[in-house]
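S.K.: Turn this into a model:
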Amino acid sequence: MRKTTRLTALVAAALLTSAAAGLVQAENFRPTSAELSAQRMAAVTPRNIVLFFDEDSAALTDDAVVIVHDAVRAAERAGSFRIALTAYSARGELKRDPQLAARRAGAVRRVIEDFGFDGDVVASGGQDPKLLSVSFRDDTLNRRVVIQLDG
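M.R.: Predicted structure coming up:
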């Protein structure tokens, strides 16, 4: 019983000593808030963002507008000078409306410009679907616009 008490006291003393040493070391090597902010921004800046659309629609939902706004802010933080948009439509949509993908790209481009992005926005639409949904009846993955932050 006595050995257990000594061992517990020894472990507690070692932990306290390690914690105190860590605090002293952290004080000496603490990065500035600007350095931490730059590290965090570099770590969380996405390069590709994908927006999905409802069937036969080029309208952006409120959530999609927030995502586009976040993409614009990420582009500005990363120093991007160009945003490339590539729009896709599902196979059935292309048959019904060949210009739907181009309208989706145009809708996203207008939102980006409304947020005041200072760089170039290049939009292309009408691409053949590159992702295939699991079911041939469900083409939700093909109804999208890919936002790429360049530069």
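
S.K.: Could you pull out the helices in this structure for me?
M.R.: 2-28, 33-44, 62-78, 91-96, 100-114 (DSSP state H).

S.K.: per-stretch mean pLDDT over those helices, give me the minimum one.
M.R.: If the helices of the chain are sorted by mean pLDDT, helix 2-28 sits at the bottom with a mean of 47.

S.K.: L60 versus the residue nearest to A58 when sequence neighbours are not counted, what's the distance?
M.R.: Nearest-residue entry for A58: R103, 3.9 Å, with adjacent residues in sequence omitted and distances by C-beta to C-beta, 6 or more residues apart in numbering. For every residue, glycine as well, the C-beta is placed using N, CA and C. According to C-beta to C-beta, to the nearest Å, R103 stands 11 Å off from L60.

S.K.: what does the domain assignment say about the protein?
M.R.: Per automatic domain parsing, the domain ranges recorded for the chain read 2-30, 46-150.

S.K.: quick revisit: tell me how many other residues surround the residue nearest to A58.
M.R.: Residues near R103, counting by other C-beta atoms under 10 Å, number 18.

S.K.: so it touches R110, yeah?
M.R.: No: look at R103 against R110 with C-beta atoms under 8 Å: they stay out of range, at 10.5 Å.

S.K.: check contacts around D97.
M.R.: 56, 89 (C-beta atoms under 8 Å, 6 or more residues apart in numbering).
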